[in-house]
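Asker: quick check, what structure comes out for this input:
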Amino acid sequence: MLKITNLTKSFEDKTVLDGLNLEINDGSIFGLVGVNGAGKSTLLRTIAGIYQADGGAVDFEGVDTYLDEEIRKDLFFVSDDVYFRLHPISKL
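Answerer: Numbering: from 1, shown residues only. I've put the predicted structure just below:
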């Protein structure tokens with residue numbers, strides 16, 4: 001199950017996600033729709049552990065997706081632009 005509790009995410013002075021609460025149960029099919037700039041990609045990047053939430057929590061199977069590298073192996077996100085999150089000790 002994916003559980004999002006009071007999720008907030010801002011970029012500089014713009015709040016993109018503000019107190020979002022959501023639960024998606026195992027086996028569910030879930031659609032995410034909204035106008036450009038509504039925060040869909042920000043939400044998906046936060047769920048995938050690419051962005052760290054400013055507040056609240058994103059838990060997949062009870063584990064924080066940003067903090068746990070192992071749980072991110074069970075998540076998949078395809079973006080329309082390229083972004084790589086390197087391990088802190090990785091070198092280019």
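
Asker: please make it C-alpha for all contacts and neighbour counts, starting now.
Answerer: Will do.

Asker: A helix includes Glu70, no?
Answerer: Yes - with DSSP: H, G, I helix; E, B strand; the rest coil as the criterion, Glu70 is located in a helix.

Asker: which intervals of this protein have sub-threshold pLDDT?
Answerer: Within the chain, the ranges that satisfy pLDDT under 70 run 81-92.

Asker: just the strands in the chain please.
Answerer: In the chain, the strands defined using DSSP state E lie at 2-11, 14-24, 55-60, 63-64.

Asker: okay, the angle between the second one and strand 55-60?
Answerer: What it means is strand 14-24. 40 degrees (axes from the mean of the first three to the mean of the last three CA atoms, to 10 degrees).

Asker: adjacent strands (with direction) for strand 14-24?
Answerer: strand 2-11 (antiparallel) (DSSP bridges).

Asker: for the partner strand, which positions count as buried?
Answerer: Using 16 or more other CA atoms under 10 Å as the test for burial, strand 2-11 gives Leu2, Lys3, Ile4, Leu7, Thr8, Lys9.

Asker: for Ser41, state which of these is nearest.
Answerer: Closest to Ser41 out of these is Lys9 (11.7 Å), distances taken as CA to CA.

Asker: so what pairs up with the closest one in the strands?
Answerer: Leu17.

Asker: output stretch 51-66 as CSV, nothing but the C-alphas.
Answerer: Only the C-alpha atoms of stretch 51-66 are listed here, as CSV (Å, rounded to 0.1, in the frame of the first residue of the first chain):
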residue,chain,number,x,y,z
TYR,A,51,12.5,14.5,-4.3
GLN,A,52,12.6,14.7,-0.5
ALA,A,53,9.3,15.9,1.0
ASP,A,54,9.5,19.2,3.0
GLY,A,55,6.9,17.8,5.4
GLY,A,56,4.7,14.9,5.9
ALA,A,57,5.4,11.3,4.8
VAL,A,58,5.4,9.0,1.8
ASP,A,59,5.4,5.4,2.8
PHE,A,60,5.3,2.4,0.4
GLU,A,61,4.7,-0.9,2.2
GLY,A,62,5.4,1.0,5.5
VAL,A,63,8.8,2.3,4.4
ASP,A,64,9.9,5.9,3.6
THR,A,65,10.6,5.9,-0.2
TYR,A,66,13.2,8.7,0.0
